[in-house]
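In: Generate a structure from the sequence data that follows.
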Amino acid sequence: MKKIIDDLIYPELSFKIVGCAFDVFNELGYGHPEKYYQKALSVALKNKNILFKEQAYFPLKFQGETIGKAFCDFIVEEQVIIELKKSANFSKSNIDQVNQYLKSSGMKLAILINYTPTGAIFKRLVNLN
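Out: Predicted coordinates:
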């Protein structure tokens, strides 16, 4: 078990983030619009004294010029991107979206969190570039 934890990027922060996501589901349950899960996660992060930016902006650049912009749900402690969804499973388009955030930001880790009928599930995505 120790080796697995040593290989994780930002393990302590990741565990805190995922714990907050579970806290949100445990109190709210399933069936709310995604925006309410986002607001609840914001409260949970704040209550755990975790620094974050909500609706964080990323410029989309081509050959050094900004050609567009994207907004992720959260950037936590300037290290981890969080994207929330309300879906029964992880879709390829959601994973592609988060991978683009990683590429645009140059950050190392993102956590995609889905609120499902059976609970909060998450996927860690690592920037390999």
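
In: what about the residue nearest to the spatial centre of the chain, distance to Q63?
Out: For the chain, I82 is the residue whose C-alpha lies nearest the centre (Cα atoms, centre = their mean; 1.4 Å). From I82 over to Q63 the distance is 30 Å, taken as Cβ to Cβ, to the nearest Å. For glycine as for every other residue, the C-beta is placed from the backbone atoms N, C-alpha and C.

In: Count the residues that sit near D73.
Out: By other Cβ atoms under 10 Å, 24 other residues sit near D73.

In: Which helix or strand contains the residue nearest to the centre of the chain?
Out: Using DSSP states H and E, the element containing I82 is strand 80-85.

In: Neighbouring strands of that strand in the sheet, and parallel or not?
Out: According to DSSP bridges, the neighbouring strands of strand 80-85, each with its direction, are strand 65-76 (antiparallel), strand 109-116 (parallel).

In: neighbours around N114, how many?
Out: Using other Cβ under 10 Å: N114 sits among 22 other residues.

In: Could you give the bridge partners of it?
Out: On the basis of DSSP bridges, N114 takes part in beta bridges with K85, I121.

In: what's it in contact with, if anything?
Out: When contacts are counted by Cβ atoms under 8 Å, 6 or more residues apart in numbering, N114 touches 84-90, 94, 120-123.

In: Which ChimeraX command selects the buried ones in these?
Out: Selection of buried members from those for ChimeraX, criterion 16 or more other Cβ atoms under 10 Å:
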select :84,85,86,90,94,120,121,122
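
In: can you redo the contacts of N114 as TSV with distance to E54 and pLDDT?
Out: Below are the contacts of N114 laid out as TSV (distance: Cβ to Cβ, whole Å; pLDDT from 0 to 100):
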residue	distance to E54	pLDDT
L84	11	97
K85	16	96
K86	17	94
S87	20	89
A88	25	87
N89	25	89
F90	22	93
N94	19	95
A120	18	97
I121	22	96
F122	18	97
K123	21	96
